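*Asks:* Provided below for reference: sequence and predicted model.
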Amino acid sequence: MPHVIAQFPPYLVSALRLDLLAKLALSVVLGGVIGIEREFSGKPAGLRTNILICLGSALLMDLSMNVGALVEGPRIGDPGRIAAQIVTGIGFLGAGTILQARGAVIGLTTAATIWVVAAIGMIVGAGQYLEASGSTVLVVLVLSGLQRVERRILARHRTVTATIRAQRGANWESIEREIRSSGVSIVSHKAFDHESDVTFEARLSGPARQFDVITARLLEHAQVLTVQFE
């Protein structure tokens, strides 16, 4: 891309900021590639969100590199101040995609994707086009290509300890039925009564992917408050 821009007259590049337009165009493409994968996966941060994050990061990074620069003479100010704020600001945006519902945490992958898309946009804004393109390929491979590996890992049999906090007087038999109906065996269990609730500690054995199913089912139970696995 730099060699294409170099073919234009210098005054035209400077006046129209063709270098910036090239950065923004590439950020739209790279952010869109990741956004399309997110759309196919049915994630909330999809095509437009990832494009805007990458585009905005590239624009601010270009501004950060050029702010305080004079036509002649030394640079005034710190060129990294705006870039540093991108990292901080994107953290707040990513945190907004992480949800906690009665003990279950979701959205961590989406938050991480937003963070890395912003980083790609910053690389584009810094003019490192090859590095940005390579990073995009790696991100897409991680998000889509590793799904098979993840499914195989989740299909493996494992034994965990579940801590289930429920309302006082909760019926263990109904909770046990929900667990066994998910294809997981109960090795042992204990109950600990407290003033305001009761805690069940159960040793469970079964396919790893079924523990997410158990979490969802138990959180729908009228008497269950939180579910944690160790």
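*Replies:* Yes, it's here.

*Asks:* So which residues make contact with stretch 157-175?
*Replies:* 103, 179, 187, 189, 191, 193-208, 211, 214, 218, 221, 223-230 (C-beta atoms under 8 Å, 6 or more residues apart in numbering). All C-beta atoms are positioned from the backbone trio N, CA, C, and that covers glycine.

*Asks:* Quick one: the strands in the protein, in order.
*Replies:* 99-101, 104-106, 157-167, 185-193, 197-207, 224-229 (DSSP state E).

*Asks:* lowest-confidence helix or strand of the protein?
*Replies:* The least trusted helix or strand in the chain, going by mean pLDDT, DSSP states H and E, turns out to be helix 10-16, with a mean of 52.

*Asks:* and residue 156, how many neighbours?
*Replies:* Using other C-beta atoms under 10 Å, residue 156 has 9 neighbouring residues.

*Asks:* what's it in contact with, if anything?
*Replies:* 207, 208.

*Asks:* what do you get for residue 183?
*Replies:* 206, 207, 210.

*Asks:* Then residue 199?
*Replies:* 163, 164, 165, 166, 191, 192.

*Asks:* Of those residues, grab the buried ones for ChimeraX.
*Replies:* To isolate the buried ones among these in ChimeraX, judged by 16 or more other C-beta atoms under 10 Å, type:
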select :164,165,166
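
*Asks:* picking that back up, please produce JSON lines containing the strands of the chain, extended by distance to residue 134 and mean pLDDT.
*Replies:* Formatted as JSON lines, those follow (distance: least, C-beta to C-beta, whole Å; pLDDT from 0 to 100):
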{"stretch": "strand 99-101", "distance to residue 134": "32", "mean pLDDT": "58"}
{"stretch": "strand 104-106", "distance to residue 134": "30", "mean pLDDT": "60"}
{"stretch": "strand 157-167", "distance to residue 134": "35", "mean pLDDT": "85"}
{"stretch": "strand 185-193", "distance to residue 134": "46", "mean pLDDT": "87"}
{"stretch": "strand 197-207", "distance to residue 134": "36", "mean pLDDT": "87"}
{"stretch": "strand 224-229", "distance to residue 134": "37", "mean pLDDT": "85"}
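
*Asks:* of all those, which lies closest to residue 37?
*Replies:* Evaluated over those, closeness to residue 37 peaks at strand 104-106, with 18.2 Å, by C-beta to C-beta.
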